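In: attaching a predicted model along with its sequence, questions to come.
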There are 2 protein chains.
Amino acid sequence: MKDTMAHFAERVAAAIGKKGNPVTVGLDPRSRQLPRDVLERARQRHADPAQQIAAAYEEFCERIIDVVSPLVPAVKPQAAFFEEWGPPGCAALARVIAKARSAGLIVICDAKRGDIGTTAEAYARGYLAGANPAAAPWGADALTVSPYLGRDTLEPFVNVAVERGAGIYILVRTSNPGAGTLQDLRQSDGISVYERIAAVVEDLAASTCGSAAYGPVGAVVGATWPQELAELRRTMPHVPLLIPGYGAQGGGAKDVAAAFAPDGSGALVNNSRGIIFAGERKEFAGRFSPVEWERAVEAATQEMIADLAANTPAGNLQRRQH
Amino acid sequence: MKDTMAHFAERVAAAIGKKGNPVTVGLDPRSRQLPRDVLERARQRHADPAQQIAAAYEEFCERIIDVVSPLVPAVKPQAAFFEEWGPPGCAALARVIAKARSAGLIVICDAKRGDIGTTAEAYARGYLAGANPAAAPWGADALTVSPYLGRDTLEPFVNVAVERGAGIYILVRTSNPGAGTLQDLRQSDGISVYERIAAVVEDLAASTCGSAAYGPVGAVVGATWPQELAELRRTMPHVPLLIPGYGAQGGGAKDVAAAFAPDGSGALVNNSRGIIFAGERKEFAGRFSPVEWERAVEAATQEMIADLAANTPAGNLQRRQH
């Protein structure tokens, strides 16, 4: 039982160890920023606008996966951008996840789901495939989950994750400017909402991690709040962290350094726009022409890997690897 | 501008007035409870299990819509049960929403979405069609939204809702037993998290309602918490309420009575299992054979309409109608 329970954390640790870095590439396709050739090909194949965009997202993401899969351990497709285009977008999302899994990547579906009882279980059964991609229609290794509805609504996700060797990342402290509206509210004892949620998440992780260092229950903590991140690393020792907010949102390597254990374990750091639309960044626009957008993606990925290696304990992952 | 802003509230009021009741039928199909003939027909048409279930959900929901559309103003499809079956389930959800819209029903897609900035906007643009079903791929009148990420993440939903004459229902006090884990946390001034969220929701609704009594920003408040419901009706005068928890979850007409203004306006009360699987309830199992499940659905709908009319201000809707 302990071995299957630790499955997700072990697979993530193996992927991080193999690539020697904790970089997660966020697959957030946006219709206005697609490479021209990708959009043109989709237009030639489909008359319906939603089908066009969905096909373009699929090709765009699959080409990014081809570039980054030798370099990084994980990708994080953002469900919203696919769902925006209705059922064709959803079908594209499923194929992108399948492609990433077959390329050996850990896939965290960023859908921030949450609901009560058997409804939560339906989401969990649909998204969380764990070790065997065929175990769920969406085939993901992990799913992001929102805690607003309470602890009893997180448990169905935890149960399915444990059963299938999958993972969940519960929103604790998000990266947006207004995160504090709710998350920073403090009780009379001085404890904030996000600290209460963190305690629930640590309890869920510790009770399901078996003999592994980290459990299948992770937390989303934004790179844009470095003090809170350092504190949460201390208070959630069994919880793997998923850290958005590096890059376009303003977080840097120093901001995420405290997310790691001294050996470089314990966190995945996501970058979406800064990598997938790297061709638009001025430092790359001069080096690569628009048709060489995949070379810009590769360069931006390598830059982020080097930045984290030089300025965080994630550097120890590379030293162990060599 | 004021007229378009009030669009959603006006359409809901018109639908409630026309049917003379505030009943919302929750479309929560579950594979183990489908009528035998529906499942058999799906099996004959599709070899793939996910395609089978998706086809069965579609027929089941469409037949329920045929029964309830002359009786009630609104339906609430639960996205989780469709997403559980992957892209075929999503395609079925879109067709069920389209069928309900063409039957003249208000459609609230219960997907509890929430994300930051332009990601939230992508969800809003995908789901919120408003008055014109073709304005968004999913074609819904309204969407349920989770507030954990903060006020700035609710605003993109509000903006798209206003632009399209659509609505959102923000989770405030949910119906599940563990809702209090987070929602009941109290600050030193005695105000709870859900009360803080309620203040944000009222502010968003009041600032967008124009000359209408209610704004396009609603709140989800469970029937299982009657005291909180009464208090929230007072503190959110511009906010239309969506009330789950009546029926199978234990809420009764007396529990939801305080949700209504004296004229019967201001709330939609949802019942999912108690109506769509009414054939399994012992009070109907004796009256209708399993093949007469649609008659049980109709009887349960009429029973709920009568219960709310007799025991809440919603009775005034019928009196005005006659």
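Out: Nice, thanks for sending it over.
In: got the buried residues for stretch A:172-188?
Out: Under the neighbour-count criterion of 16 or more other CB atoms under 10 Å in any protein chain shown, stretch A:172-188 has A:172-183, A:185, A:187 buried. Glycine gets a C-beta too; all of them are placed from N, C-alpha and C.
In: again but with stretch A:65-78, I slipped
Out: Using 16+ other CB under 10 Å as the test for burial, stretch A:65-78 gives A:65, A:67-69, A:71-78.
In: and stretch A:244-262, by the same measure?
Out: Neighbour-count burial for stretch A:244-262 [16+ other CB under 10 Å]: A:244-247, A:249, A:251, A:253, A:255-260.
In: give me the lowest-pLDDT entry from those.
Out: Within those, pLDDT reaches its minimum at residue A:249, with 82.
In: ok, that residue - contacts?
Out: Each residue near residue A:249 by CB atoms under 8 Å, 6 or more residues apart in numbering or on different chains is listed here: A:175, A:222-224.
In: let's have the buried residues of stretch A:65-78 in JSON lines, adding distance to chain B, secondary structure and pLDDT.
Out: Converted to JSON lines, the buried residues of stretch A:65-78 look like this (distance: CB to the nearest CB, whole Å; DSSP: H, G, I helix; E, B strand; the rest coil; pLDDT from 0 to 100):
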{"residue": "A:65", "distance to chain B": "19", "secondary structure": "helix", "pLDDT": "98"}
{"residue": "A:67", "distance to chain B": "23", "secondary structure": "helix", "pLDDT": "98"}
{"residue": "A:68", "distance to chain B": "20", "secondary structure": "helix", "pLDDT": "98"}
{"residue": "A:69", "distance to chain B": "23", "secondary structure": "coil", "pLDDT": "98"}
{"residue": "A:71", "distance to chain B": "25", "secondary structure": "coil", "pLDDT": "98"}
{"residue": "A:72", "distance to chain B": "21", "secondary structure": "coil", "pLDDT": "98"}
{"residue": "A:73", "distance to chain B": "23", "secondary structure": "coil", "pLDDT": "98"}
{"residue": "A:74", "distance to chain B": "19", "secondary structure": "strand", "pLDDT": "98"}
{"residue": "A:75", "distance to chain B": "16", "secondary structure": "strand", "pLDDT": "98"}
{"residue": "A:76", "distance to chain B": "12", "secondary structure": "strand", "pLDDT": "98"}
{"residue": "A:77", "distance to chain B": "12", "secondary structure": "strand", "pLDDT": "98"}
{"residue": "A:78", "distance to chain B": "6", "secondary structure": "strand", "pLDDT": "98"}
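In: most widely separated two among those residues?
Out: Taking CB to CB, the two most distant members of these are A:71 and A:78; they sit 19.9 Å apart.
In: chain center to the helix or strand that contains residue A:298, what's the gap?
Out: According to DSSP states H and E, residue A:298 maps onto helix A:293-311. Centroid displacement of helix A:293-311 relative to its chain, using CA atoms, centre = their mean, to the nearest Å, is 17 Å.
In: quick one: residues in contact with that helix.
Out: Taking CB under 8 Å, 6+ apart as the rule, helix A:293-311 contacts A:21-23, A:25, A:35, A:63-64, A:66-68, A:71-72, A:246-247, A:252-254, A:256-257, A:269, A:271, A:274-276, A:278-279, A:281, A:284-285, A:287-288, A:314-315, A:317-318.
In: check the gap between residue A:84 and residue B:94 for me.
Out: Residue A:84 sits 13 Å away from residue B:94, going by CB to CB, to the nearest Å.
In: neighbour count winner among those two?
Out: Per other CB atoms under 10 Å in any protein chain shown, whichever of residue A:84 and residue B:94 has more neighbours is residue A:84, with 26 against 21.
In: quick one: list the elements packing against the helix or strand hosting residue A:202.
Out: Residue A:202 belongs to helix A:193-206 when assigned by DSSP H and E. Judged by 3 or more CB pairs under 8 Å, 6 or more residues apart in numbering or on different chains; DSSP states H and E, the packing partners of helix A:193-206 are helix A:151-164, strand A:167-173, helix A:180-183, strand A:217-221, helix A:226-235, helix B:180-183.
In: quick check, residue A:247 in contact with residue A:276.
Out: No - in this structure, residue A:247 is not within contact of residue A:276 by CB atoms under 8 Å, at 10.5 Å.
In: what residues are up against the closest residue to chain B within the stretch 101-250 of chain A?
Out: Residue nearest to chain B within the stretch 101-250 of chain A: residue A:137 (2.6 Å; CB to the nearest CB). Contacts here follow CB under 8 Å, 6+ apart; on that basis residue A:137 touches A:94, A:126, B:50, B:84-87, B:89.
In: also residue A:150?
Out: Contacts for residue A:150 were tallied using CB under 8 Å, 6+ apart; they are B:174, B:176, B:178-183.
In: which ones are touching residue A:132?
Out: Residue A:132 sits next to A:164-165 when contact means CB under 8 Å, 6+ apart.
In: got the phi/psi numbers for it?
Out: The phi/psi pair for residue A:132 (degrees, to the nearest 10) reads phi -100, psi 110.
In: how close does it sit to residue A:7?
Out: Residue A:132 sits 10 Å away from residue A:7, taking CB to CB as the criterion.
In: okay, and the common contacts of these two?
Out: residue A:165.
In: count the neighbours of the closest residue to residue A:165 other than its chain neighbours for me.
Out: Spatial nearest neighbour of residue A:165, excluding adjacent residues (CB to CB, 6 or more residues apart in numbering or on different chains): residue A:7 at 3.1 Å. The tally of other residues near residue A:7 (other CB under 10 Å) stands at 21.
In: right, and residue A:7 touches residue A:129 too?
Out: No - in terms of CB under 8 Å, residue A:7 does not count as a neighbour of residue A:129; the distance is 11.7 Å.
In: can you give me the pLDDT of residue A:318?
Out: According to the prediction, residue A:318 has pLDDT 85.
In: which residues touch it?
Out: By CB under 8 Å, 6+ apart, the contact list for residue A:318 reads A:20-21, A:309.
In: for it, give me phi and psi.
Out: Main-chain torsions, residue A:318, degrees, to the nearest 10: phi -70, psi -40.
In: residue A:106 now?
Out: Taking degrees, to the nearest 10, you get phi -70, psi 130 for the backbone angles of residue A:106.
In: what's the closest residue to it other than its chain neighbours in contact with, if anything?
Out: Among residues not flanking residue A:106 along the chain, residue A:74 sits closest, at 3.9 Å (CB to CB, 6+ apart). Residue A:74 is in contact with A:12, A:15, A:23-25, A:105-108, A:268, counting by CB under 8 Å, 6+ apart.
In: the buried residues of stretch A:172-188 also near chain B: which ones?
Out: Among the buried residues of stretch A:172-188, proximity to chain B is found for A:174-183, A:185, A:187 (CB under 8 Å from any CB of the partner chain).
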